[in-house]
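Participant: build me a model from this:
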Amino acid sequence: MDKELFRKLASKIGITSVKILSQAEEYMRLSQVKCVGLGSVTATSKAIVCLELAATSMKFPLDKEYAIKLSGLSSKVYHSNLKAMECMLGLQSNLGLRDLAVQYGCLDAVNVASRILQQYEDSLPAAQQQELDLSKPLFTTAALYTACKCMKIRTDRKLASSSGARKGIFDRLCTQFQKFGQQISHEASSMEEPIKKAQKRQKTLTEMLEMEDDDGNLVTPPKELHIEKTEEEVTKNYEEWKRKILENALKAKAVAS
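Facilitator: Predicted structure coming up:
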């Protein structure tokens with residue numbers, strides 16, 4: 001793009017700083033090499049994105065709504081291109097899994113996502129592991145997104161697009177992560193089964209403590225026996241309760257005779 005036209009666009013969105021302009025022009029130059037294949041992008045919209053990226057990096061306030069209008073793109077397409085260029089130019093800050101989960105409200109999926117990344121790394125050849133940076137947005141976002149799907153946790157639609165990668169690349173990585181996520185979720189479910197069975201057995205034990213008195217009426221143990229206690233406490237309380245029942249029964253027979 002012509003430098004004069006570039007500066008006119010900058011002026012329209014309130015950027016006059018030589019430093020910001022210089023940085024935006026550098027991003028524009030790099031985008032010609034690193035940001036090929038972006039869909040629905042024009043020279044004007046790319047220039048506006050580069051100007052916003054430069055302004056953001058230098059904490060310069062910008063009228064973003066007007067910038068989007070000037071780009072000629074819809075808000076959704078503009079933000080998608082912004083995120084993609086930010087990632088391709090290496091400008092996106094690498095949020096950790098927990099920070100990303102906090103941002104999109106899915107903290108319960110952090111542990112599973114972390115294990116997905118670990119198992120994915122372990123499945124790769126040693127040479128490839130050394131070259132791979134799993135802290136990049138593409139990997140952390142795909143792992144968290146996959147974990148949410150496997151755990152049936154509803155997530156913000158923007159989570160997937162925050163990776164900055166093209167949909168095809170993101171989807172392929174999620175497919176690879178899916179097998180790890182399903183395995184981890186299955187293991188978690190298997191571990192929960194013994195707990196559920198134990199809880200069921202405890203309820204059955206309490207029901208078994210019910211007994212009949214001499215008149216055939218069902219006598220229920222005191223309420224405190226229904227409160228979760230250690231096995232020793234339950235046994236002790238039960239024995240005491242049973243002793244009192246038997247004593248009362250003997251007294252009743254003595255009076256009757």
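
Participant: would S163 count as being in a helix?
Facilitator: No - S163: not assigned to a helix; according to DSSP: H, G, I helix; E, B strand; the rest coil it is coil.

Participant: that one: neighbour count?
Facilitator: S163 has 26 neighbouring residues, counting by other C-beta atoms under 10 Å. To be clear about C-beta, it is placed using only N, CA and C from the backbone, and glycine gets the same treatment.

Participant: one more: A109?
Facilitator: 25.

Participant: likewise A143?
Facilitator: Neighbours of A143 (other C-beta under 10 Å): 28.

Participant: what do you get for T175?
Facilitator: Using other C-beta under 10 Å: T175 sits among 11 other residues.

Participant: could you list the low-pLDDT ranges of the stretch 101-250 of the chain?
Facilitator: 188-235, 237-238 (pLDDT under 70).

Participant: show me the helices in it, by range?
Facilitator: 110-122, 126-131, 137-150, 158-161, 167-208, 231-256 (DSSP state H, counting those that start in this stretch).

Participant: in this structure C87 contacts S163, no?
Facilitator: Yes - contact status for C87 versus S163: in contact at 7.2 Å, counting by C-beta atoms under 8 Å.

Participant: quickly list the domain ranges of the protein.
Facilitator: Here the domain assignment for the chain is 3-88, 97-193, 209-256, based on automatic domain parsing.

Participant: contacts only, for Q119.
Facilitator: Shown in contact with Q119 (C-beta atoms under 8 Å, 6 or more residues apart in numbering): 180, 183-184.

Participant: buried only: go through those residues for me.
Facilitator: Neighbour-count burial (16 or more other C-beta atoms under 10 Å) applied to these gives 180, 184.

Participant: pull up the distance across stretch 82-100, start to finish.
Facilitator: Taking C-alpha to C-alpha, to the nearest Å, the first and last residues of stretch 82-100 lie 18 Å apart.

Participant: next one: phi and psi at L132?
Facilitator: Main-chain torsions, L132, degrees, to the nearest 10: phi -90, psi 140.

Participant: quick check: it touching P125?
Facilitator: No - L132 is beyond contact range of P125, at 10.3 Å (criterion: C-beta under 8 Å).

Participant: okay, those two: which has more neighbours?
Facilitator: L132 (13 against 7).

Participant: if I look at that one, how far off is A126?
Facilitator: Using C-beta to C-beta, to the nearest Å, we find L132 at a distance of 11 Å from A126.

Participant: sorry, back to before: list residues touching both of C87 and S163?
Facilitator: Looking at what touches both C87 and S163 (by C-beta under 8 Å, 6+ apart), the common residues are 137-138.
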